[in-house]
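J.: Need coordinates for the below:
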Amino acid sequence: MSLLVGALTLAMVVTLAASTRVSSLVDQSSSRACETERLIVAIDDLVAFVDSAESDREDRIHTAVATSGRELIRKFEESASRASVDSEKVESIVGQVETVLSFPEAEEAKLSALRRSLDNLRESESREIARILSEWHDEAALLSLFVVLLQVLSIGALVLCIVFQKRLQAQSATAQRAANDLARLVEFSHESIFSVDRECRIISWNPGSERMFACSSDLAVGTTLKDWIGNTHDLQSCQEVITERKTSSTIEVEMVRKDGTSFWAALSISPIESVLSVEEASHTLVASDITEQVNLRVLQADFVASLSHDLKNPIIANNLALNHIVELTDENSRIREIARKVVLSNQQIIDMLTGMLDLYKVNSGKFSEARMPVIVEKLISDCVECLEQRAELKRLSLETAINCRARSYTMDPLIVKKIILNLLDNAVKFAPNDSTVRVCVEDDGNFLRIAVEDTGPGIPDSRIGEIFSVSPARHSPGTSEHPSGFGLYLARKLSRLIGADLSYIRSESGVTRFELRLMNSSMAASDVKLHEQFTLETEIVPAGVCRPGDSDER
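T.: Prediction:
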């Protein structure tokens, strides 16, 4: 719109300048034509004078004739000066006329020469004025055409401005109606809708918020999110989203009412573009009460955990009995073969149940960190030993490459063990037969990196973004393994529980690498001696295997 207004203004200015130029050309051409016309009249008067002088030669030109001749010379000189005639020509003609006046007996030849000079001057001036008028006429015609075109463009631009103005008015009216609809939606919504500034202070509070938090708008505005979110971790997550101007997905947080009671809410945070200063730019938060859904999920999780626990122990007992049968039967017995297959099938069920129980503990907060000194070399060797038998069935080679600056590191051995066993279990499942699975440990001074590498098919590019999320179980090609679908999700949750980071890398050479990065917490030599005996005697049990009498509770 502003561009069209600028173009219209420019067109008007150019049109005015062109009109002024045309008017100036007309004035100049008219003035020059008048001056030339006077000069031609003066020339005609001189020609008439010369003719009369020739006819009165016998009377030797009377004094009155001479007087009129000088008056004609004066007019001729004035007209020639105004018409910008060549001064030499003027002087020559004036000299010839004065000769006639001074010597009335001038010869016929001189009079004829004077007449020819005057005729030539008249013709040249007539041609000159015709040329000037022609040129000025052409220029004036072009400028007039240009003015017409600019006027047409100006009219077109004006029409466009009118059309755009009407469209903007329509859009403004539509936006106003949408704003009014949104305002009514916020006012009558059953959800809590409020906004905060960058310091997380409440700056608006709808009636739904008043009902949900049992607090009026007057009391809520000016408070901070800290007054309404009970969990510190949830508060930090919301503050990070607001501070970094991000849009969050729905976050489940525990919120607090004015009377002190708490409830679960699904909270979504979205930045809004403020028309005010940058400091007042804010986010809109929408909270929905999901206490019933959360309680229902807790009941379902408790039921699944209880059911998994009740199923796990009988299956473990069955495996112990089946293993006893395998030991008592002949090597080539059909019963022995069937028992081994049932043991493997039961073991898969045990692994799945164990993962489900671990996931339940992590999500319910029953998995707490317990740090103690651990000899990493022994931890890795025990994890590898747990999977040696399965690796032998696929003719896999299990290798370790440990490069540590200290012998012992402080960590949670149970959680780290579960993560490494999960990564090793995946590597053994997906690695091709007759290949190598390698466990690498490296201390770079800042972090202790524990990585599991294999040359399996890796993760398809289409699934890179969901490898650490709960995904549908997929059958492992070429094996009888049936992954549960939440192993890596559990490993990521456990790594975050101890402040570690779990990442996936696929190198160009085809090596799949899962790396657990722990903060370096190596111990001094004196501390290692104090805890060495305890660490060496710590038993690491394979995933899914429980000793008799063990409980799933930590």
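
J.: C-alpha only now, for contacts and for neighbours.
T.: Will do.

J.: I505 contacts F514, doesn't it?
T.: Yes: counting by CA atoms under 8 Å, I505 touches F514, with 6.5 Å between them.

J.: so what does the strand or helix carrying N180 touch, helix or strand wise?
T.: Using DSSP states H and E, N180 sits within helix 108-188. Judged by 3 or more CA pairs under 8 Å, 6 or more residues apart in numbering; DSSP states H and E, the packing partners of helix 108-188 are helix 2-55, helix 87-102, helix 207-213.

J.: Quick check: mean pLDDT of the longest one?
T.: Confidence over helix 2-55 (mean pLDDT, whole number) is 67.

J.: now swap in the second one and tell me
T.: Model confidence over helix 87-102 averages 70 on the pLDDT scale.

J.: counting contacts, what elements does the helix or strand hosting T410 pack onto?
T.: In the assignment (DSSP H and E), T410 maps to strand 408-411. Judged by 3+ CA pairs under 8 Å, 6+ apart, the packing partners of strand 408-411 are strand 372-375.

J.: let's go with 10 Å and repeat that
T.: Other helices and strands packing on strand 408-411, by 3 or more CA pairs under 10 Å, 6 or more residues apart in numbering; DSSP states H and E, are strand 372-375, helix 376-386, strand 512-519, helix 525-537.

J.: on that earlier part again, I505 and F514: which has the busier surroundings?
T.: Neighbour count, other CA atoms under 10 Å: between I505 and F514, F514 has more, with 21 against 14.

J.: shouldn't that one be in contact with V452?
T.: Yes: applying CA atoms under 10 Å, one finds F514 in contact with V452, separated by 5.4 Å.

J.: what residues are shared contacts of the two?
T.: 420, 423-424, 427, 439, 504 (CA atoms under 10 Å, 6 or more residues apart in numbering).

J.: Now, these that are in strands?
T.: Using DSSP state E, 439, 504 are the members of these that sit in strands.

J.: What are the contacting residues of the helix or strand that contains L219?
T.: Per DSSP H and E: L219 is located in helix 217-220. The contact list for helix 217-220, computed with CA under 10 Å, 6+ apart, reads 194, 201-207, 209-210, 213-214, 227-228, 258.

J.: Buried residues in the helix or strand that it is followed by, which are they?
T.: Following helix 217-220 in sequence order, the next helix or strand is helix 232-243 (DSSP H and E). By 16 or more other CA atoms under 10 Å, the buried positions in helix 232-243 come out as 234-235, 238-239, 241-242.

J.: repeat for stretch 352-367
T.: Residues of stretch 352-367 classed as buried: 352-362, 367 (neighbour count, 16+ other CA under 10 Å).

J.: Let me have the residues you listed in TSV, adding pLDDT and secondary structure as columns.
T.: Formatted as TSV, the buried residues of stretch 352-367 follow (pLDDT from 0 to 100; DSSP: H, G, I helix; E, B strand; the rest coil):
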residue	pLDDT	secondary structure
M352	79	helix
L353	81	helix
T354	79	helix
G355	76	helix
M356	77	helix
L357	79	helix
D358	77	helix
L359	74	helix
Y360	76	helix
K361	76	helix
V362	74	helix
F367	67	coil
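
J.: Please produce JSON lines containing the residues you listed, extended by distance to T400.
T.: Output for the buried residues of stretch 352-367, formatted as JSON lines (distance: CA to CA, whole Å):
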{"residue": "M352", "distance to T400": "27"}
{"residue": "L353", "distance to T400": "29"}
{"residue": "T354", "distance to T400": "26"}
{"residue": "G355", "distance to T400": "25"}
{"residue": "M356", "distance to T400": "29"}
{"residue": "L357", "distance to T400": "30"}
{"residue": "D358", "distance to T400": "27"}
{"residue": "L359", "distance to T400": "28"}
{"residue": "Y360", "distance to T400": "32"}
{"residue": "K361", "distance to T400": "31"}
{"residue": "V362", "distance to T400": "29"}
{"residue": "F367", "distance to T400": "29"}
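
J.: Run the chain-centre distance for the helix or strand Q300 falls within.
T.: Per DSSP H and E: Q300 is located in helix 291-328. Relative to its chain's centre, helix 291-328 lies at 48 Å (CA atoms, centre = their mean, to the nearest Å).

J.: who does that helix touch, helix- and strand-wise?
T.: With contacts taken as 3+ CA pairs under 10 Å, 6+ apart, helix 291-328 sits against strand 262-272, helix 334-364.

J.: For the closest residue in space to C200 that isn't next to it in sequence, which residues are in contact?
T.: Excluding the flanking residues, the one nearest C200 by CA to CA, 6 or more residues apart in numbering is T224, at 5.5 Å. Applying CA under 10 Å, 6+ apart to T224 gives the contacts 196-197, 199-203.

J.: what about the nearest residue to L118 once chain neighbours are set aside, how many neighbours?
T.: Sequence neighbours aside, I43 is the residue nearest to L118 in space, at 6.2 Å (criterion: CA to CA, 6+ apart). I43: 24 surrounding residues under other CA under 10 Å.

J.: hang on, isn't I43 packed against D119?
T.: Yes: between I43 and D119 there is a contact under CA under 10 Å: 7.9 Å.

J.: circling back: quickly list what's touching both of I505 and F514.
T.: Among the neighbours of I505, those also in contact with F514 (CA under 10 Å, 6+ apart) are E453.
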